[in-house]
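**Student:** Coordinates for the following, if possible.
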Amino acid sequence: MTAEEERLDDEQLNAVSEAADEVEILSEPENVGSPQEIHDFAFKLINAVKSMNLGEISYHELVTSFSLEQELKCLFLFLKSIPYEPIVPIYPETPFLIFKGVPLPRSFDMSEETARTALDFMKSQNSSYYEDLRLHELDPNYLDAYETAIRVYNDTLDKTRRSYHDNVKSAKSQVYEISAVAVCLFVIILVLLGIT
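**Tutor:** Now for the predicted structure:
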């Protein structure tokens, strides 16, 4: 075999090898999303719902901020899964007498009616997406994003609820203290009036 024939054989071997590599690359499964993309989408779900609860966007804007089929399915399941009106108001929000009110955290204050309206709007746009929709029908990256969003939303909700209850406890103790001082002063005044 001449040097020229060996060089041609090497070139053909390299060409076949490169073609095989290209076929392998094309047959690899599509990227299902990096952990950062999953994390970002989970927070997009959470922030969009919180913005709607705060009145910054409407349910229509919430839905239209998601465009892909899997995103919409994930949003639909997320809206169905989060707790409705999870923080019960237990103290006046507006100030009264000399006391401050304790505002209810609105970012988690989604009613069942609001959720139903958003879900009905989504169904009216494309009911085939949501008919008998189950979690296992989501692509793996969207399923991971959904689970992350639910976990983060519920954890944040628990912290917010605890903070609200702590603020209410503090406000109530202030009311009790000032009321006790007022009663003591009233009794002292009555005693002084009785002595004179």
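
**Student:** how close does Ser107 sit to Ile46?
**Tutor:** As for Ser107, its distance to Ile46 is 9 Å (criterion: C-beta to C-beta, to the nearest Å). Bear in mind the C-beta positions are built from the backbone N, C-alpha and C, glycine included.

**Student:** how about stretch 58-78: buried residues?
**Tutor:** Residues of stretch 58-78 classed as buried: 59, 62-63, 66, 70-78 (neighbour count, 16 or more other C-beta atoms under 10 Å).

**Student:** what residues does that stretch touch?
**Tutor:** 41, 44-45, 48-49, 51-52, 57, 114, 117-119, 121-122, 125-126, 129-130, 133, 135, 137-139, 142, 145-146, 149-150 (C-beta atoms under 8 Å, 6 or more residues apart in numbering).

**Student:** Let me have the buried residues of stretch 58-78 in a markdown table, adding pLDDT, distance to Arg161 and secondary structure as columns.
**Tutor:** Formatted as a markdown table, the buried residues of stretch 58-78 follow (pLDDT from 0 to 100; distance: C-beta to C-beta, whole Å; DSSP: H, G, I helix; E, B strand; the rest coil):
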| residue | pLDDT | distance to Arg161 | secondary structure |
| --- | --- | --- | --- |
| Tyr59 | 94 | 24 | helix |
| Leu62 | 95 | 23 | helix |
| Val63 | 95 | 27 | helix |
| Phe66 | 94 | 27 | coil |
| Gln70 | 93 | 31 | helix |
| Glu71 | 94 | 28 | helix |
| Leu72 | 94 | 29 | helix |
| Lys73 | 94 | 29 | helix |
| Cys74 | 95 | 25 | helix |
| Leu75 | 96 | 24 | helix |
| Phe76 | 96 | 25 | helix |
| Leu77 | 96 | 23 | helix |
| Phe78 | 97 | 19 | helix |
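
**Student:** And those, which two are furthest apart?
**Tutor:** With C-beta to C-beta as the measure, no two of the buried residues of stretch 58-78 lie farther apart than Tyr59 and Gln70, at 20.0 Å.

**Student:** what helix or strand is Ala42 on?
**Tutor:** helix 35-53 (DSSP states H and E).
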